[in-house]
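J.: Quick one, structure for this:
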Amino acid sequence: MLGILGSFGMGFMSKSSCGDVMPCRAALSWGGKPFKLSFCIHSATVEGDDVSSSSKPYVTVNAGDKSKQTELGDWSREDGRWTFREVLTMEVNADDEACISISCNQQYDLVVAALSLASRCVGEVCVPIASVLPQLQVEDRDIEGMVYVTPNIGFDLMKDGVKTGRAFMSFETKQPPPNLLRASGTSDAWCALSK
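T.: Residues are numbered from 1 along each chain as shown. Sure, this is the predicted structure:
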């Protein structure tokens, strides 16, 4: 018991002398500093007869404990795919996974009334955010300034182990991604002692 009190006292006393040497406190960091990442959903193809003109698809993006969804897609006859042209912005960490799924509303038009059932998932893909970060390239936009963007990427949509379609999207952020900060040496790994 006396040893515990002694170590507590020594720790308390050393706090005042080490405070000016190490101005930060130790803390657990699970995933680093969060940043805003925009999911630019361009279009999607769905194989089979899962989607019809009466049951238009929409895209849902889940990252961490957040979820956002697009409006219903529009069918493009020229491209032969569903187009969305929407941007969903979410705050993510580099170690998060984004789960992108395409779902369809189930509606039946009974001459007297329309019956709407729960939506069903057509296909989904999970994308680690860490795999997207190396593909970000800086782009100078006139109004927005410097933006980090990826090219348009196609992801295979799966359901029950079978490919059900393909989603085409890109990613962008206005903040420098964590991997670029480490590469340039501007990271504050030592609590701003490197300044």
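J.: List the buried residues for stretch 148-161?
T.: By neighbour count with 16 or more other Cβ atoms under 10 Å, stretch 148-161 contains the buried residues Y148, V149, T150, F155, L157, K159. C-beta coordinates here come from the backbone N, C-alpha and C atoms, glycine included.
J.: now, which of those residues sits nearest D65?
T.: F155 (22.0 Å; Cβ to Cβ).
J.: Going along the chain from the one helix or strand that closest one maps to, find the next helix or strand for me.
T.: Take DSSP states H and E as the rule and F155 turns out to sit in strand 153-159. Next helix or strand after strand 153-159 toward the C-terminus (DSSP H and E): strand 162-173.
J.: in its sheet, what does that next one sit against?
T.: For strand 162-173, the paired strands and their directions (DSSP bridges) are strand 35-46 (antiparallel), strand 145-149 (antiparallel), strand 153-159 (antiparallel).
J.: between the ones you listed, which one is nearest to P176?
T.: Here strand 145-149 is closest among those (Cβ to Cβ), at 6.8 Å.
J.: which regions of the protein lie under the pLDDT threshold?
T.: 1-31, 49-54, 107-111, 113-116, 178-195 (pLDDT under 70).
J.: Packing partners of the lengthiest strand in it?
T.: The longest strand of the chain (DSSP state E) is strand 113-128. Helices and strands touching strand 113-128, by 3 or more Cβ pairs under 8 Å, 6 or more residues apart in numbering; DSSP states H and E, are strand 97-110, strand 153-159, strand 162-173.
J.: Of all the ones you listed, which one comes closest to D140?
T.: Of all the helices and strands packed on strand 113-128, it is strand 162-173 that lies closest to D140, at 13.0 Å by Cβ to Cβ.
J.: which residues sit against that closest one?
T.: Applying Cβ atoms under 8 Å, 6 or more residues apart in numbering, the contact partners of strand 162-173 are 35-48, 50, 59, 81, 100, 102, 122-123, 125, 132, 135-136, 147-158.
J.: related to what we said a few turns ago, what does the longest strand of the chain contact?
T.: 46, 50-51, 57-58, 95-109, 155-159, 163-165, 167.
J.: In PyMOL, select just the buried ones from those residues.
T.: To isolate the buried ones among the contacts of strand 113-128 in PyMOL, judged by 16+ other Cβ under 10 Å, type:
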select buried, resi 46+50+51+57+58+96+98+100+101+102+103+104+155+157+159+164+165+167
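J.: does the closest residue to S55 other than its chain neighbours have beta-bridge partners, and which?
T.: Leaving out its chain neighbours, the residue that sits closest to S55 by Cβ to Cβ, 6 or more residues apart in numbering is C104, at 4.4 Å. Judged by DSSP bridges, the bridge partners of C104 are P57, R120.
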